[in-house]
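**Student:** 3D, please:
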Amino acid sequence: HHFYSGQPRTVTVVLPSVVNPPNRKRRLDSIFETWGPNARAIYVVHNVSEFPQADHHAVISEKSQPEDPYSYPQILLIPESIRFEDGVARLNHVIRTVYEK
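**Tutor:** Have a look, this model is predicted:
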């Protein structure tokens, strides 16, 4: 159970590098095991399987929002139209989505 009761003033966006995608899951796991749980972290992924620690109820995507918007960690699922290589489009989508949702 979390102790947040309103929209947070800050969140931490974990946006893994587009470099070396095969090691992305390991990097996300390391963050989750250290400072991630206390940072109201939103993990940016292209596939939910990249970060299974966030329950499926905590997914932000074009089609869904978390059931409990104050529960963390959350996953921000990048749309299929934005590829790993689309760095600027990916960053713009993340900033816009976090701000709006």
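**Student:** contact partners of whichever helix or strand residue 75 is part of?
**Tutor:** Assigned by DSSP states H and E, residue 75 belongs to strand 74-77. Applying Cβ atoms under 8 Å, 6 or more residues apart in numbering, the contact partners of strand 74-77 are 13, 41-48, 51, 54, 58-61, 66, 94, 97-98. (Glycine included, C-beta is placed from N, CA and C.)
**Student:** repeat for stretch 12-32
**Tutor:** In contact with stretch 12-32 (Cβ under 8 Å, 6+ apart) are residues 36, 39-45, 50-51, 53, 73, 76, 84-85, 87, 90-91, 94, 98.
**Student:** before we move on, the earlier item: quick check: which helices or strands does whichever helix or strand comes after the strand holding residue 75 pack against?
**Tutor:** Downstream of strand 74-77, the first helix or strand assigned by DSSP H and E is helix 87-100. For helix 87-100, the packing partners by 3 or more Cβ pairs under 8 Å, 6 or more residues apart in numbering; DSSP states H and E come out as strand 41-45, strand 74-77.
**Student:** Kindly present the ones you listed as JSON lines, with separate columns for mean pLDDT, mean neighbour count and distance to residue 24.
**Tutor:** Below are those laid out as JSON lines (pLDDT from 0 to 100; neighbours: other Cβ atoms under 10 Å; distance: least, Cβ to Cβ, whole Å):
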{"stretch": "strand 41-45", "mean pLDDT": "88", "mean neighbour count": "22", "distance to residue 24": "8"}
{"stretch": "strand 74-77", "mean pLDDT": "89", "mean neighbour count": "23", "distance to residue 24": "13"}
